[in-house]
Structures are given as structure tokens and as C-alpha cells.
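**Q** What follows is a predicted structure for the sequence shown.
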Amino acid sequence: MTVYYKERLLPTPWLYIILLLILPAVGLLFMPLNITLGLVLGPVIYVLVVAFLILTSPRVAVEDEEFIAGRANIPARFIGEVETLNSDELTLAIGIHGDARAYLLIRGWIHQAVKVHNTDPTDPAPFWIVTTRTPEELRKALEAAKARAKG
């Protein structure tokens, strides 16, 4: 199996910094009961939250014959038109121009995406919108996978 594109949609570094606010919050929460418990639980809860965010970060990949986005995949032969979306276009695509049947893999800390039209007649999702940090690179990999699948 050849992987032509892969990416983990990990949180951005600023999110880890913001999550440091867990430390004083837990300390203040436990201060009336036991300050030592609060000082111990703060870092433990911070590490657990960060580990949860990292472990649940979805994978986006283009492999030999399929496009994988999180837990879903679509065979390359059913990849239709592929568009890149900037921040404003993404907001519109998942908002007022959205479709409730679409498959969305959105992470709020990533403000670019690709919109992949789905040509599978048995799949109810007319298109996928997947956030990515490198939309042009992903678009090129999807176009190449589509070309390989059509032979």
C-alpha cells in the first residue's frame, strides 16, 4: 500500500497554551477542600485533556485506491470534482450553503479545507468537506488518485 498524502489534524500549539488555564481552575476548585489535592490534580487533568485531544485527532490520507478522512473512506473511483476552500468559503460551505447530507470532518482550529464531490450513486453524501493545513497538496493527491483509479 502506497500512501500519497497523510496528515493528522492535531490541535494547534496555542490550544495547549490556553488549556494551561486548567491548572489554576482545578487549584481554585479544590482549595476549600485540600490545596495539595488541587495542586496534584491540576497537572493530571491537564495531561489527560491533552492526551485525549492528541489520541482522538483524526487522520486524513490518500492511499492507493481510497481517500480516508477520520473513520470514513471513499474509493478513488468515486472522487468527483475537488475544490480548495479558504476560511470564508469554508464558513459558507458548512453554513448557509451547506447540505445536511454532506460528510464533514471539521476541526475548528484549522481554517482551510477541501470539498470533494462524491460520485458514488449508493452513498447519500453528495460531497465531503475535510479541513486540512495543506489544501492544495491534498487536492493534488486526490486528483492523482482519481486519475490512477480511472486508469
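**A** Right, received. Where do you want to start? Numbering: from 1, shown residues only.

**Q** I'd like the average pLDDT over the longest helix along the chain.
**A** The residue-count maximum for a helix in the chain (DSSP state H) belongs to helix 35-55. Across helix 35-55, pLDDT averages out at 95.

**Q** likewise stretch 96-114?
**A** Per-region confidence: stretch 96-114 scores 96 on mean pLDDT.

**Q** buried set for it?
**A** A102, Y103, L104, L105, R107, I110, Q112, A113, V114 (16 or more other C-beta atoms under 10 Å). (Glycine included, C-beta is placed from N, CA and C.)

**Q** same thing with stretch 118-134?
**A** N118, A125, F127, W128, I129, V130, T131, T132, R133.

**Q** Rebuild these as CSV, extending it with distance to G42, pLDDT and secondary structure.
**A** CSV is the format used below for the buried residues of stretch 118-134 (distance: C-beta to C-beta, whole Å; pLDDT from 0 to 100; DSSP: H, G, I helix; E, B strand; the rest coil):
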residue, distance to G42, pLDDT, secondary structure
N118, 45, 96, strand
A125, 42, 96, coil
F127, 43, 97, strand
W128, 39, 98, strand
I129, 37, 98, strand
V130, 35, 98, strand
T131, 31, 98, strand
T132, 34, 98, coil
R133, 31, 97, coil
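
**Q** Let me see the confidence value for D64.
**A** 86.

**Q** Could you look up the SS state of L92?
**A** Under DSSP: H, G, I helix; E, B strand; the rest coil, L92 falls in the helix class.

**Q** neighbours of it, just the number please.
**A** When neighbours are counted by other C-beta atoms under 10 Å, L92 registers 12.

**Q** One more: I35?
**A** Other residues near I35 come to 12 when the count uses other C-beta under 10 Å.

**Q** For I110, give me phi and psi.
**A** Backbone dihedrals for I110, given as degrees, to the nearest 10, come out at phi -120, psi 120.

**Q** and the closest residue to it other than its chain neighbours, how far is that from R8?
**A** Distance criterion C-beta to C-beta, 6 or more residues apart in numbering; nearest residue to I110, sequence neighbours excluded, is T131 at 4.0 Å. Using C-beta to C-beta, to the nearest Å, T131 is found at 12 Å from R8.

**Q** Kindly report the same for I54.
**A** I54 is 9 Å from R8, by C-beta to C-beta.
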